[in-house]
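Novice: Pasting a predicted model and its sequence here:
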Amino acid sequence: MTTMKNINLSDQALGAVMMALQNSLMTQTDIVPVLKGFNFVFDENEDLIVTNPPIMRANEGSDPESD
């Protein structure tokens with residue numbers, strides 16, 4: 001019988017998922033390829049971290065306080 005091991009997302013990995021979701025919603029694109037492309041490793045607490053989190057870019061001049 002195979003022993004199941006509980007694995008948790010680190011705060012960093014959860015942040016990467018949330019950034020991917022936000023970017024997917026803003027650009028109206030499919031999130032699945034981004035999530036499938038994530039590379040995971042274990043940190044010292046045996047939580048998963050994403051080694052290639054999505055990069056968010058802000059447009060210059062998009063500061064809401066400048067409007």
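Specialist: Perfect, I can see it now.
Novice: ok, now which ones touch residue 10?
Specialist: By C-beta atoms under 8 Å, 6 or more residues apart in numbering, the contact list for residue 10 reads 43, 45, 47, 48, 49. Bear in mind the C-beta positions are built from the backbone N, C-alpha and C, glycine included.
Novice: Mind checking which of those are buried?
Specialist: Burial by neighbour count, 16 or more other C-beta atoms under 10 Å: within these this picks out 47, 48, 49.
Novice: Let me see the backbone angles for the closest residue to the first one other than its chain neighbours.
Specialist: Using C-beta to C-beta, 6 or more residues apart in numbering and skipping the chain neighbours, the partner closest in space to residue 47 is residue 10 (3.9 Å). According to degrees, to the nearest 10, the main-chain angles of residue 10 amount to phi -70, psi 170.
Novice: again, but for residue 9
Specialist: Dihedral angles (degrees, to the nearest 10) for residue 9: phi -80, psi 140.
Novice: State the number of residues packed around residue 13.
Specialist: 20 (other C-beta atoms under 10 Å).
Novice: Could you list which of the buried ones among the contacts of residue 10 belong to strands?
Specialist: 47, 48, 49 (DSSP state E).
Novice: Residue 45: what's it in contact with?
Specialist: Residue 45 sits in contact with residue 10, where contact means C-beta under 8 Å, 6+ apart.
Novice: again, but for the one 5 residues further on
Specialist: Shown here is residue 50, whose contacts under the criterion C-beta under 8 Å, 6+ apart are 12, 13, 16, 17, 38, 39, 40.
Novice: Now it: closest residue in space, sequence neighbours ignored.
Specialist: Closest to residue 50 by C-beta to C-beta, 6+ apart is residue 16, at 4.1 Å.
Novice: which element is the one you found on?
Specialist: Residue 16 is part of helix 11-27, with elements assigned from DSSP states H and E.
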